[in-house]
Structures are given as C-alpha cells and as structure tokens.
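In: sequence plus the predicted model coming up.
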Amino acid sequence: MRGLPSLFLRRVQRLLIAGALAPLLALAAPGPELAPPAASGIAAIAPVAAPDILTRADEDLQRVDRAKRLLQAPEPSERLARDLDDIARPVNAKLNAAAGGALRALTVMRLESLARHWDFDERRFARWEERSGRALSPYADTALQLAQRRAAWSATRAAGLLDGLPPALSARVDTMLAQFDASEEALGLVLAKQFDLTQRASELKARIQSGRDEVDAAIDEIDRQLLRTDVPPLWKDFRPGTGTAEAVAAMERGFEIERQFAIDYHAADGGNQQALRLFQILLLPLILWLAVRSRRTPEEGAPGHVARALRRPVSSWLLLAMLGVLVLEPDAPLLVQEIALVLALIPVLRLLPSGTVRALGVWPYVAVALYFVDRLGVAIPVDIGLYRLYALGVSALAIGLTVWLLRSAPGDRASGESRLRQTVRRISWVVIAVLAVSIVSNIGGNISLAETLTSAVIDSGYMAVLLYAGVAAVRGILHALGRQPELVERKLVRQHGPTLEVMVTRLLVLAAWLGWLVYSMDRFRVLRPLRAIGTEVLNLGVDVGEVSIHLGDVLVFLLSTWLALWVARAVRRLLRDELPHHAALPRGVGNSIASLSYYGVLLLGLLVALSAAGFKVSQLALVFGALSVGIGFGLQGVVNNFVSGLVLMFERPIQPGDMVDAAGTSGTVREIGLRATILRTFDGADVVVPNGLLLSGNLTNWTMFDRSRRIEIPVNVAYGSDPAQVLSVLGAAARETPGVAVSPPPVVLMSSYADSALNFVVRVWTQDVGGWTALRGELLARMLAALDQAGISIPYPQMDVHLRSTTESVGTAGKITGAAETG
C-alpha cells in the first residue's frame with residue numbers, strides 16, 4: 001500500500017485492526033472494571049450501563065438504518081474504477097514507450113512535453129484521490145462506528161448485563177445485534193472491493209512517480225551533456241544521409257507522445273481551458289464592436305497603436321487569443337503552444353506599431369523569418385548529419401543577417417537613434433557572439449549546445465517581437481475602450497483616466513519583460529537549475545516545535561500583504577469615486593461601503609497572506625487569544641475607537657466633506673477611519689480626532705441634510721434715528737447682497753435699547769455654508785454704506801465718569817491753568 005497516504009486507507013486500517021481486536025477484548029473482559037482499553041480506533045470499550053440499554057439500542061438501530069441506506073445507494077467503486085482506468089491507460093502507454101532506453105532518442109523539447117504530461121497525470125490522479133476520499137470515507141466511517149458499537153455490546157454481554165433483561169427488551173437487543181451482523185457483513189464486502197481499488201490506485205501513483213523521475217533524469221542528463229561533444233568534429237567524421245529511418249521513427253514517437261498528451265489534456269477540460277475559451281469568445285465581439293465604433297466616430301489624434309489594432313480586428317483577436325494560450329495554459333502540451341506561436345506569425349507583423357517599424361526597419365521581419373526557418377528544420381525528419389548542416393546554415397544565416405542589419409544603419413546617425421533602436425543594436429552584438437559560439441560548437445561536435453544556443457536566440461527574438469506587438473494591441477484596445485461615451489462621463493475615468501492608462505501600461509510592460517525573461521531562461525536551459533537553487537534558498541529557515549519560519553514563507557507573506565494593501569486601496573478609491581454620487585443610495589452609504597470594503601479586503605488579504613505563509617489556524621487562535629488579553633488590560637481605548645468607527649460608518653452622522661464642530665475643533669471632514677477621523681480646520685491644519693471623542697461629546701454637523709446656514713449680525717444706531725427707516729435700510733441692503741437666500745427671506749428686528757444706541761439684529765440665510773464668512777463680511781460692508789447714505793449714524797461708546805474730591809481737584813487744575821497762561 002505504498003504511495004497512497006490517503007485518509008481512506010488509514011481508516012480502513014484502523015477498521016481492520018478494530019474488527020480483529022474487538023472480539024478478543026470482549027471475551028477477555030470479565031466486568032466493567034477489568035475491560036482493557038481498545039487499540040487503534042476503538043477507544044476505551046466499556047459495557048453499556050443497564051439504565052441506558054434501551055436508549056442505546058434505539059440509537060444503534062438508527063445507526064444501522066443509516067448504514068442500510070448507505071448500502072442501498074449506488075456504490076461508487078465502479079465509477080471510480082472507470083476513472084482510474086482512464087488515468088492508467090496513458091500512464092501505461094508512456095511507460096511501455098519509454099522501455100528499453102527509448103527516452104534517450106527523444107529531443108529535449110519532447111522530453112519537456114513528456115514531463116508536462118506526467119505532471120498532468122499527477123494532477124488528474126490527485127483530483128481522483130480527492131473524489132475517492134469523499135466518496136469512500138462514509139463507508140469506512142460507518143463500518144468503524146458499527147465496529148465500535150459491536151464491541152460495546154459484546155462487552156455488555158460478556159459482563160452479564162443482558163441476562164436479566166425483560167423478554168421484550170432482550171428480543172429488541174437480539175434483533176439489533178442481528179442487524180449489526182448483516183450490515184457489517186455487507187459493509188465488509190463493499191470495503192473489500194474499495195480496498196482493492198485503493199491498492200490499484202497506490203500502484204498507479206507509484207508508476208506515475210517512477211515515470212516522472214525517469215523523464216527528469218533524462219532531461220538532467222541532456223543538460224549535463226551540453227558541454228560535452230556528441231559526435232566527432234565536422235572535419236573528422238561527416239557522413240550525411242545515414243540514419244534517416246531512425247530519425248523518422250524518433251519523430252513519429254515524439255509526435256505520438258504529443259498527440260496523446262493533447263487528447264488527454266483537452267478531454268480533461270480543466271478550469272484554465274474553460275477560462276481560455278471564454279476569453280477568446282468574448283474578446284472577438286469586443287474588438288469588432290470597438291472597430292465599428294472607431295470607424296463611425298474616429299478619434300482625432302489617436303495613437304498609432306490604437307488605430308492599427310482597430311483597423312485590423314481579426315489580427316488583433318488572433319494575436320491576443322494565441323497569447324492567451326501561453327498565459328492561461330502554461331501546462332498545455334508544447335505542440336499546442338508551438339502551434340499557437342506559429343499562428344501568431346502574420347498578426348505579429350501586421351500589428352507592429354508604425355513607430356517601431358520606422359525605428360527598427362526590417363529587424364522584426366528578420367526575427368519572424370528566422371523563427372519560421374528554425375521551426376521548419378524541426379519539422380523535417382532528417383538524419384543527424386543533414387540536421388547538423390541545417391543548423392550550421394541557420395546559425396550562419398542569422399549571423400549574416402544581423403551583421404548586414406548593423407552595417408546598413410548609418411553610423412553617423414547613432415546619436416539620434418531612438419532608445420529602442422539603440423537597445424536592439426546592443427543586443428545584436430550579444431546575439432552575434434552567442435551564434436558564433438553555436439557555430440564553433442557545431443563544427444567541434446557539440447551539437448546539443450549548438451542547437452540549444454541557436455534555437456534559444458531565435459526563439460527569444462521572436463518572443464520579444466510577439467510580446468511587443470501584444471502589448472501594443474492591448475494598449476490600443478484599452479485606450480479605445482476608455483474613450484467610449486459610456487465610460488468617459490464616469491468620474492473615475494475623468495479624474496484618473498491618464499494615471500490609470502500609465503499604470504496599466506507599466507504593468508503590461510513589466511509582465512511582458514518577466515514573461516520574456518522566463519521564456520528565454522527556459523530556452524537557454526538555465527531555468528531548471530535556477531529553479532532548483534531558488535527552491536533550496538527559499539526553504540532556508542528554522543523549525544521550533546509546531547512553528548516553522550522559512551525565507552519563502554516570509555517573502556510570500558510580504559508580497560501577499562503588499563498586494564492586499566494595493567487591492568484594498570484601489571477598491572476604496574473606485575467605490576469612493578462612484579458610490580457617493582449614486583442617486584439610489586442614501587447619504588453617506590457610499591463612503592461607508594467604500595471604507596468597510598477597504599478594511600474587509602485588507603483583512604481578507606492578511607488572512608490569505610498568513611495562510612500562504614504557512615501559519616496554522618491554531619497559531620492564529622493563539623495570537624488572537626493573546627491579543628484579547630491585551631485588549632482587556634490596556635487597549636480599551638483602541639477598542640472604543642474601533643467600535644465608534646463602526647457606529648459612525650453604519651449610522652452615518654458625518655461623511656467626508658461635511659463641516660462639523662466636534663471635540664473643540666471646527667473644520668471639514670477629510671477621512672473617516674475605523675480608529676480616528678481626520679478634520680481639516682479652516683486654518684489649514686489636519687486634526688486627528690479619535691472616534692470615541694466624536695460620539696461621547698456633542699457633534700455639530702452644519703451640512704448633514706443641506707448646506708444652509710443662518711448668519712446673524714447685530715447693528716447699533718444712535719438715539720434719534722427713525723426705527724422704521726433703519727429697518728427698511730438694513731432689509732434692503734441684506735436683500736441686495738449676492739449670496740443671501742431668497743427663502744427664507746432676510747429678517748431685520750429691533751432687539752433692545754442700549755445705553756447709547758438702539759440695537760437691531762439682521763438675520764439672513766445662505767445656501768453655501770462654505771462661504772458664509774465671506775458673505776458676512778460683504779453684508780457688514782453693504783449695511784454700513786447704506787446707513788451712511790441714509791444719514792443714520794452709528795454712535796460712539798459713551799462713558800459716565802464719577803469724580804471724587806472735586807473741589808481740591810478743580811483748585812489744583814485752576815492753578816496749573818493760570819500758571820500756564822502767565823508763562
């Protein structure tokens with residue numbers, strides 16, 4: 001039973017042990033106090049207490065009924081056996097084809113495709129194993145439960161507790177035990193069949209692993225031989241025309257492997273294949289719709305890549321559909337990916353931006369032509385001698401074309417060349433050096449290295465052109481989509497359209513560079529060793545008890561956390577731009593949804609990051625438990641602010657943009673967080689107010705339901721003024737002031753008599769609370785001018801002075817005055 005560490009097998013093993021030990025344990029138990037504990041699956045067998053016999057009998061009869069219903073249902077072994085045969089058929093075919101050292105005759109490309117086929121078989125078997133575990137575990141669980149109950153009743157009978165039962169109860173127990181026997185016998189037959197199935201699955205899993213190991217060993221052997229000579233040098237032993245039959249046979253075996261892999265892969269119809277079909281089906285009408293709209297209403301000054309992508313919609317769709325094969329089906333057969341690359345040849349040339357063609361000239365066409373010539377050599381079955389000459393000719397042709405293109409560009413114009421052309425020129429010299437090494441290796445007898453270098457250079461060049469054209473096509477489609485009338489009017493597009501376009505372009509370029517780098521490293525045969533080294537480095541870490549920390553887990557956690565934070569901010573920005581202005585939503589709901597979505601996405605992302613980093617739920621529960629203790633001792637304020645933030649988001653007494661007076665601060669609400677709210681004062685300062693203070697004190701919101709505010713201005717006039725005239729003048733000045741609301745109208749009242757003036761008050765309303773201070777100043781100026789024009793004066797303050805010792809003071813003042821006059 002090696003190779004199948006499934007839950008079902010472990011349960012069956014426990015069941016067999018329990019079934020074997022239960023009768024012995026029951027017979028050896030003279031009484032409840034001497035009954036030994038059961039092993040492996042039957043825990044602490046004890047007889048049923050006399051008062052519980054009737055209740056336990058009823059419960060066990062129900063358990064027997066459930067077992068009968070399970071046995072009456074369709075048994076899944078036959079269906080699982082057919083599925084297992086479907087997996088085993090290609091596995092056995094590949095093992096038979098690889099017998100006798102046949103793997104050594106395959107090229108590295110065919111071996112890599114065969115390795116993908118083994119990976120595909122492993123995934124299919126893993127899915128089968130998961131399905132079988134769900135389908136078969138009820139049988140093992142039921143049998144184990146019946147065995148446990150049988151052991152308990154056997155211990156009860158051995159203890160003599162069933163001897164003195166009433167006849168009716170004794171008959172009921174006997175009936176129940178008879179049904180136990182029948183159910184256990186039927187389950188035993190089913191479990192035997194299922195156990196045979198799991199043994200077959202275990203053997204199949206071992207064969208899959210063995211086949212994968214053989215292919216990996218063959219690939220590693222080819223990689224080790226890259227620096228060794230395969231055949232004698234060209235000048236010593238060159239015999240073309242021999243071995244053609246062997247070459248044809250090897251090619252037929254390789255294509256048969258690819259064909260079978262393609263059949264099995266597409267028959268599986270995985271989720272990535274369904275996603276690819278959906279992408280291809282939806283992409284074509286989208287591109288055609290954009291193309292028709294662009295022709296009806298052409299955009300003035302549209303970029304070149306936009307016009308080219310929409311003028312040739314079929315080429316754009318075919319190119320992006322083939323790129324979708326590479327992106328969405330990275331585990332597909334290499335033959336499928338090669339066909340996709342060949343089908344993209346013409347669309348690549350048709351969709352290259354005109355600026356790129358002007359800057360590079362015929363460079364892209366040369367790269368595409370060399371790729372076609374190289375693939376033509378792979379498709380023609382020839383012996384090793386002729387293929388050696390063909391590879392030598394392709395390398396020489398590539399060097400010659402590269403040198404010719406470098407010499408055709410004027411040297412005195414190098415300083416004025418575009419950055420793209422300069423980059424291509426630098427890369428061209430590296431290409432010439434690599435191809436020269438390939439030619440020398442071919443002549444010296446190292447055909448493997450020569451073939452690898454030549455194909456890698458040509459494939460990398462074509463992939464660069466393909467990705468460049470693909471990025472240009474995607475940019476063109478996204479640009480045209482963002483200029484549609486349905487999206488142009490959206491606030492998000494108006495405010496952040498250019499920024500989003502730049503960000504998407506950078507992401508596309510980064511993804512293209514990473515994809516090209518991975519593809520090139522794979523073609524140069526350095527990806528596998530680098531991946532192995534990277535795996536060893538990422539596995540570095542420490543293990544302390546149940547806690548394990550590795551470098552890879554830390555990097556995954558940091559990357560996942562950054563991605564979660566970025567996604568949460570993007571979601572919040574999107575919802576804040578769109579939801580607050582939605583007419584169907586009540587006031588403040590949009591901001592609450594945006595804020596809660598931000599924290600929800602962030603929390604979910606952190607949990608996913610912790611799970612991806614290898615943290616267990618039990619470890620997280622321990623952390624949360626410690627956190628709860630900290631909350632109980634020193635974080636009451638934080639929890640209070642957090643709960644207050646939730647109350648603010650659900651009750652919505654304030655929202656961003658409101659003018660409020662809270663906690664001794666007046667200003668505009670900028671942001672409402674879970675812990676604190678940020679207010680922007682009228683002096684320009686940002687004040688962080690804890691949410692607990694907002695709810696515990698008085699909160700004045702000037703703009704909760706509207707933006708109206710009343711302005712009250714006291715006015716004092718001199719005694720002797722006509723009150724009716726004052727009321728008329730002040731009312732006219734208030735009504736004529738711009739910004740004063742018509743409804744409710746301005747009100748002027750005489751409020752009181754002062755010591756030196758008549759007191760009036762002017763009350764007006766404004767619909768713009770944000771400009772009330774400026775309006776108040778305008779009112780003061782206009783009312784003062786109106787009073788002056790009407791001849792109504794504003795009195796100066798008057799003071800009554802009471803003097804003591806007036807005689808002495810007056811005499812002293814007279815002497816001073818007389819002395820001054822005499823002088």
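Out: That came in fine, so what should we check first? Bear in mind the structure is a predicted one, so any value in this text is a computation, not a measurement. Numbers count the residues shown, from 1 in each chain.
In: rest of the way, CA atoms for contacts and neighbours
Out: Fine.
In: neighbours around L335, how many?
Out: Applying other Cα atoms under 10 Å, we find 18 residues neighbouring L335.
In: I misspoke; the intended subject was A732.
Out: 16.
In: and D788, by the same measure?
Out: The number of residues packed near D788 is 12, by other Cα under 10 Å.
In: tell me the contacts of it?
Out: If you count contacts by Cα atoms under 8 Å, 6 or more residues apart in numbering, D788 has none.
In: what residues sit buried inside stretch 597-606?
Out: 597-599, 601-603, 605-606 (16 or more other Cα atoms under 10 Å).
In: please apply the same query to stretch 344-361.
Out: Of the residues in stretch 344-361, 344-345, 347-353, 356, 360 count as buried by neighbour count, 16+ other Cα under 10 Å.
In: name the nearest of these relative to L389.
Out: Closest to L389 out of those is L345 (25.6 Å), distances taken as Cα to Cα.
In: tell me where the stretch 351-500 of the chain has helices.
Out: Along the stretch 351-500 of the chain, counting by DSSP state H, counting those that start in this stretch, helices occupy 354-360, 363-379, 384-408, 419-444, 447-482, 485-488, 491-523.
In: in CSV: the ones you listed, plus distance to N701 and mean pLDDT.
Out: As requested, the helices of the stretch 351-500 of the chain are exported to CSV (distance: least, Cα to Cα, whole Å; pLDDT from 0 to 100):
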stretch, distance to N701, mean pLDDT
helix 354-360, 57, 72
helix 363-379, 65, 82
helix 384-408, 72, 83
helix 419-444, 57, 84
helix 447-482, 39, 89
helix 485-488, 34, 75
helix 491-523, 27, 85
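In: so which of those helices comes closest to I53?
Out: For the helices of the stretch 351-500 of the chain, the distance to I53 is smallest for helix 491-523, at 69.6 Å, taking Cα to Cα.
In: just the CA trace of whichever helix or strand comes after that closest one, in CSV.
Out: On the C-terminal side of helix 491-523, the closest following helix or strand by DSSP states H and E is helix 527-538. Extracted C-alpha coordinates of helix 527-538, given in CSV (Å, rounded to 0.1, in the frame of the first residue of the first chain):
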residue,chain,number,x,y,z
LEU,A,527,15.6,27.8,-15.8
ARG,A,528,15.6,24.3,-14.3
PRO,A,529,18.9,24.7,-12.3
LEU,A,530,17.9,28.2,-11.2
ARG,A,531,14.5,27.0,-10.1
ALA,A,532,16.2,24.2,-8.1
ILE,A,533,18.6,26.6,-6.5
GLY,A,534,15.8,29.1,-5.7
THR,A,535,13.8,26.3,-4.1
GLU,A,536,16.7,25.4,-1.8
VAL,A,537,17.2,29.1,-0.9
LEU,A,538,13.5,29.7,-0.2
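In: the next helix or strand after helix 527-538 packs against which elements?
Out: If you walk from helix 527-538 toward the C-terminus, the next helix or strand you reach (DSSP H and E) is strand 541-544. Helices and strands touching strand 541-544, as assessed by 3 or more Cα pairs under 8 Å, 6 or more residues apart in numbering; DSSP states H and E, comprise strand 547-550.
In: the strand it packs on pairs with which strands?
Out: Its sheet considered, strand 547-550 pairs with strand 541-544 (antiparallel) by DSSP bridges.
In: does P232 count as helix, strand or coil?
Out: The three-state label given to P232 by DSSP: H, G, I helix; E, B strand; the rest coil is coil.
In: how far away is it from R670?
Out: Using Cα to Cα, to the nearest Å, P232 is found at 78 Å from R670.
In: more neighbours: which of these two?
Out: More neighbours surround R670 than the other of P232 and R670, with 18 against 14 (other Cα under 10 Å).
In: quick one on the thing from earlier: right, so the helices of the stretch 351-500 of the chain: which one is the most enclosed?
Out: Sort the helices of the stretch 351-500 of the chain by mean neighbour count, taking mean count of other Cα atoms under 10 Å, and helix 447-482 sits at the top with a mean of 22.
In: run the angle between that helix and helix 419-444 for me.
Out: If you take axes from the mean of the first three to the mean of the last three Cα atoms, to 10 degrees, helix 447-482 sits at 160 degrees to helix 419-444.
In: just checking, what packs against helix 447-482?
Out: helix 271-296, helix 304-311, helix 313-328, helix 345-351, helix 363-379, helix 384-408, helix 419-444, helix 491-523.
In: now these as JSON lines including distance to R710?
Out: Formatted as JSON lines, these follow (distance: least, Cα to Cα, whole Å):
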{"stretch": "helix 271-296", "distance to R710": "53"}
{"stretch": "helix 304-311", "distance to R710": "55"}
{"stretch": "helix 313-328", "distance to R710": "62"}
{"stretch": "helix 345-351", "distance to R710": "64"}
{"stretch": "helix 363-379", "distance to R710": "72"}
{"stretch": "helix 384-408", "distance to R710": "79"}
{"stretch": "helix 419-444", "distance to R710": "64"}
{"stretch": "helix 491-523", "distance to R710": "33"}
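In: among those helices, which comes closest to R709?
Out: Closest approach to R709 among the helices and strands packed on helix 447-482 (Cα to Cα): helix 491-523, 28.9 Å.
In: elements contacting the closest one?
Out: Packing partners of helix 491-523 (3+ Cα pairs under 8 Å, 6+ apart): helix 447-482, helix 527-538, helix 551-578.
In: swap the cut-off to 7 Å and go again
Out: helix 447-482, helix 551-578 (3 or more Cα pairs under 7 Å, 6 or more residues apart in numbering; DSSP states H and E).
In: could I get these in CSV, plus columns for distance to F180?
Out: Compiled in CSV, those are given as follows (distance: least, Cα to Cα, whole Å):
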stretch, distance to F180
helix 447-482, 68
helix 551-578, 50
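In: give the buried residues for stretch 62-72.
Out: 63-64, 67-68.
In: residues in contact with Q337?
Out: Contacts for Q337 were tallied using Cα atoms under 7 Å, 6 or more residues apart in numbering; they are 325-326.
In: so which strand or helix has it?
Out: helix 334-343.
In: quick one: stretch 335-346 to chain centroid distance?
Out: Relative to the centre of its chain, stretch 335-346 is centred 29 Å away, using Cα atoms, centre = their mean, to the nearest Å.
In: sitting in helices, which of the buried residues of stretch 62-72 do you find?
Out: Counting by DSSP state H, those place 63-64, 67-68 in helices.
In: S595 and F650, how far apart?
Out: With Cα to Cα as the criterion, S595 and F650 are 11 Å apart.
In: those two: which has the busier surroundings?
Out: S595 (24 against 14).
In: so the more buried one sits right up against R572, yeah?
Out: Yes: with contact defined as Cα atoms under 7 Å, S595 reaches R572; the gap is 6.4 Å.
In: isn't I713 right next to N759, touching?
Out: No: using Cα under 7 Å, I713 is not in contact with N759, being 10.7 Å away.
In: with neighbour numbers in mind, choose between these two.
Out: N759 (19 against 13).
In: check what pLDDT the more buried one gets.
Out: We have a pLDDT of 92 for N759.
In: now for it: which residues touch it?
Out: Contact partners of N759, counting by Cα under 7 Å, 6+ apart, are 715-717, 750-753.
In: and those residues as a markdown table, adding pLDDT and distance to F705?
Out: What follows is the contacts of N759, written out as a markdown table (pLDDT from 0 to 100; distance: Cα to Cα, whole Å):
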| residue | pLDDT | distance to F705 |
| --- | --- | --- |
| V715 | 92 | 31 |
| N716 | 90 | 34 |
| V717 | 91 | 37 |
| M750 | 91 | 31 |
| S751 | 90 | 30 |
| S752 | 90 | 34 |
| Y753 | 90 | 37 |
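In: between those residues, which is nearest A168?
Out: A168 lies nearest to S751 out of the contacts of N759, by Cα to Cα, at 101.9 Å.
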